[in-house]
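K.L.:
just the structure for this:
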Amino acid sequence: MRVAFYALGGGAALGLVLWILSPFAEVLAWATILATAAYPAHQRILRVMPEREGVAAVLSTALVAVVILGPALGLVFKITQEAIALYNDLGPRLRVSLEGGMAPLIARLEGAPLLGPLVRRLDGLFNLSAIDPRVHLADLARNTAAGLAAFTGGLLRNVLAFILNAAVLLMATAVLFRDGAHWVHASRDWLPMHEEDRQGIADELRRATRAILYGMFLTALVQGALAGIGYTLAGAPSPLLLASATALAALIPIGGTLLVWLPVAVALFAQGRTGWAIFLVLWGALVVMTVDNFLKPIFIGSGTRLPVLWVFLGILGGVSAFGFIGLFAGPIVLVFARAFLRLARRELQAFQAGRSRSPA
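P.N.:
Predicted structure coming up:
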C-alpha cells in the first residue's frame with residue numbers, strides 16, 4: 001500500500017512539474033542541445049578550475065552565447081546597413097521605371113530568350129501592359145500601414161517574450177553545464193537496465209545530438225559557399241556578406257536560403273539585369289536549396305550511423321511534428337528507438353534461449 005501511495009504521489013508531482021515547465025519546453029530542449037554539443041569545451045574549462053564548477057558553467061554559457069549570438073547579431077546589423085544602402089540606390093530607379101506603367105517592363109521581359117514567349121502569352125491573355133503598378137503599390141502601402149499599426153500593439157509583448165526566453169535559455173544552459181552530468185547519472189538509476197546498457201544509450205544519444213548540430217552547421221556553410229559563388233557570378237553587391245547571410249538563413253526550416261537569394265534576384269531584376277536575375281533564381285532553387293536535401297542526411301547519418309533515408313524522413317517528420325526543434329527531435333527519436341529495439345531483441349533472444357535450455 002505504501003509503495004502504491006508513493007508511486008501515485010510521485011507520478012502526480014512529476015505531471016505537475018511537466019505542466020509548469022510546458023511553456024518553456026522548446027527553450028529547455030534547445031538548452032539541452034546546446035549544453036550537450038558544447039560539453040567537451042566545458043570539460044576543458046572545468047579542468048582548469050576543477051573546484052569552481054559554478055564559475056566554469058557561467059564561462060561556458062558565455063562562450064556559447066558569444067559563439068552563437070555574436071556573429072548572428074553582427075550579421076543582422078550589417079545586413080540592415082546594406083539593405084538601407086540598397087534601398088537608397090534602387091528606390092529612385094524603381095520609381096522612374098514605374099512611371100511608364102508595366103509596358104516598359106513587359107517589353108524588357110519579352111526580349112528574354114527563356115521567359116519571352118511565356119511573357120508574350122500572358123500579356124496577350126491578361127493585358128499586363130495596361131496595368132498601372134502605382135495603383136497597386138498605393139493599396140499595398142495602405143494595407144502595410146494598417147498591418148504595422150496592428151503589429152505595433154503586440155511588439156512590446158513579443159520583445160519581452162524574446163528576452164524572457166533568452167534569459168531562460170542561458171540560465172538553463174548554465175545549470176545543465178553545472179549539474180547536467182549529475183542529473184543524467186541519477187536518472188539512469190531509475191531505468192531497469194544493466195549499467196552498460198544505460199551507458200550505451202546515453203553515449204549514443206550524446207553522439208547523435210552532436211552529429212545533428214554539426215551536420216546542420218556544415219550543411220549551412222556549404223549552402224552559403226555555393227550561394228556566394230552565385231552572387232559573385234551574378235555581380236551582386238557584397239557577395240561575402242550575402243553568402244554569410246545565406247548560411248545563417250539556411251538554419252531556418254521555413255524559407256531558408258530563399259529568404260536571401262530571392263530578394264537579391266529581385267534587386268538584380270530591378271537594375272535591369274534580367275539574365276543574371278534568372279540565373280540566380282535557378283542557381284538558388286536547383287543548387288543551393290537542393291543540396292540541403294542531400295548533404296544534411298549524409299552528415300547526420302555519418303555521426304548517428306543511421307541510413308540516409310531514415311535521417312531524411314526523420315528530419316522531415318520531426319519538423320512536421322515538432323517545428324524547428326524537430327530537426328533534432330526526429331533523428332534523436334530514431335536513434336533512441338533503434339538502440340532500445342536492439343536491447344529488447346537481445347533480451348528476448350536471451351529469454352528464449354533460457355526457455356529452450358530449461359527441462360520440460
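K.L.:
just the helices in this protein please.
P.N.:
2-21, 25-37, 39-48, 53-98, 103-110, 116-126, 133-188, 195-234, 239-249, 258-270, 274-283, 290-304, 308-322, 326-357 (DSSP state H).
K.L.:
could you dump those into CSV and include mean pLDDT and mean neighbour count?
P.N.:
Just so you know, the C-beta spots here come from the backbone N, C-alpha and C atoms, and that holds for glycine as well. Formatted as CSV, those follow (pLDDT from 0 to 100; neighbours: other CB atoms under 10 Å):
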stretch, mean pLDDT, mean neighbour count
helix 2-21, 76, 10
helix 25-37, 83, 19
helix 39-48, 85, 15
helix 53-98, 69, 14
helix 103-110, 64, 16
helix 116-126, 67, 13
helix 133-188, 68, 13
helix 195-234, 85, 18
helix 239-249, 85, 21
helix 258-270, 83, 20
helix 274-283, 88, 19
helix 290-304, 83, 19
helix 308-322, 83, 18
helix 326-357, 79, 15
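K.L.:
nearest residue to Arg210 other than its sequence neighbours?
P.N.:
Ala37 (5.2 Å; CB to CB, 6 or more residues apart in numbering).
K.L.:
without its sequence neighbours, what residue ends up closest to Thr304?
P.N.:
What sits nearest to Thr304 in space, not counting adjacent residues and going by CB to CB, 6+ apart, is Ala208, at 4.6 Å.
K.L.:
isn't the residue nearest to Arg210 right next to Ala211, touching?
P.N.:
No. Counting by CB atoms under 8 Å, Ala37 does not reach Ala211; the two are 9.7 Å apart.
K.L.:
pretty sure Leu262 contacts Val281?
P.N.:
Yes. Counting by CB under 8 Å, Leu262 sits close enough to Val281 to count as a contact (7.1 Å).
K.L.:
distance check, the nearest residue to Gly230 once chain neighbours are set aside against Leu248.
P.N.:
Spatially, and ignoring its direct neighbours in sequence, Gly230 is nearest to Trp283 (4.0 Å; CB to CB, 6+ apart). Relative to Leu248, Trp283 is positioned 19 Å away (CB to CB, to the nearest Å).
K.L.:
one more: Leu18?
P.N.:
In this view, Leu18 and Leu248 are 33 Å apart by CB to CB.
K.L.:
any idea how far stretch 5-14 is from the middle of the chain?
P.N.:
Relative to its parent chain, stretch 5-14 has a centroid offset of 37 Å by CA atoms, centre = their mean, to the nearest Å.
K.L.:
and the contacts of that stretch?
P.N.:
Residues outside stretch 5-14 that contact it (CB atoms under 8 Å, 6 or more residues apart in numbering): none.
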